[in-house]
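Trainee: Everything below, folded, please.
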Amino acid sequence: MKKTAMSRRTLLGAGVCTLAAAATIPEIASAHPETGLSPKNEATVRKYYTGWERKDWHSFAPLLADDFTFTSPFDDRISKSAYKIGCWDTQIAFIGRFDLTHVIGTGNEAFVMYVCHTTNGKTFRNVEYLRLKDEQVQAVECYFGGQNTIPSAVSGKK
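Mentor: Below is the predicted model:
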């Protein structure tokens with residue numbers, strides 16, 4: 001078995017390099033684990049989905065920030081008013097309830113995986129990314145689930 005000797009100069013040099021790297025990258029030196037969603041932000045997320053179940057735009061609309069945007073495979077950052085016309089008005093009659101299977105996030109961002117039960121007896125699942133601000137939903141990005149279909153409450157596909 002061969003032993004490798006390390007000089008004090010080499011050891012000292014390695015230590016200096018390590019300290020220099022830690023000093024030049026402070027975010028690594030001070031990294032800490034994320035704490036997850038605050039109770040207020042989780043409540044805001046859950047109110048968003050409950051609002052769909054209650055089907056009352058006038059009580060739902062204040063939950064959306066004035067600069068709210070919605071994005072999906074069909075929508076590219078549409079405004080709050082376009083969301084009401086293109087999403088809420090066309091889908092609300094078909095939404096039964098949501099089973100939120102996962103609500104995870106940090107700070108003002110959350111990912112939600114859900115199963116939606118429609119009023120016509122179908123189900124679909126999606127994942128949505130929500131950005132929150134001041135106990136309002138600022139943006140939603142919807143990622144459709146399912147196989148070879150576009151899951152929609154009004155879709156005739158299984």
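
Trainee: Count the residues that sit near the residue lying closest to Phe60 once chain neighbours are set aside.
Mentor: Distances taken as Cβ to Cβ, 6 or more residues apart in numbering place Gly51 nearest to Phe60, at 3.7 Å, with adjacent residues excluded. Heads up, the C-betas are built off the backbone N, CA and C, glycines and all. The number of residues packed near Gly51 is 19, by other Cβ atoms under 10 Å.

Trainee: Gly51 belongs to a helix, doesn't it?
Mentor: Yes: with DSSP: H, G, I helix; E, B strand; the rest coil as the criterion, Gly51 is part of a helix.

Trainee: Is it correct that it is in contact with Leu63?
Mentor: Yes: counting by Cβ atoms under 8 Å, Gly51 touches Leu63, with 5.9 Å between them.

Trainee: residues contacting the residue nearest to Phe60?
Mentor: Shown in contact with Gly51 (Cβ atoms under 8 Å, 6 or more residues apart in numbering): 59-60, 63.

Trainee: and which of the residues you listed is nearest Ser81?
Mentor: The nearest member of those to Ser81, counting by Cβ to Cβ, is Phe60 at 13.5 Å.

Trainee: I am assuming the closest one contacts Trp52, so please confirm or correct that.
Mentor: Yes: using Cβ under 8 Å, Phe60 is in contact with Trp52, at 7.4 Å.

Trainee: Can you pull the phi/psi pair for Asp76?
Mentor: Backbone torsions of Asp76, given as degrees, to the nearest 10, read phi -110, psi 90.

Trainee: And the one 4 residues further on, by the same measure?
Mentor: Reported as degrees, to the nearest 10, the phi and psi values for Lys80 are phi -60, psi -40.

Trainee: quick one: contacts for the residue lying closest to Ala43 once chain neighbours are set aside?
Mentor: Once flanking residues are discounted, Ala43 sits nearest to Glu135: 7.9 Å by Cβ to Cβ, 6+ apart. Counting by Cβ under 8 Å, 6+ apart, Glu135 touches 40-41, 43-44.
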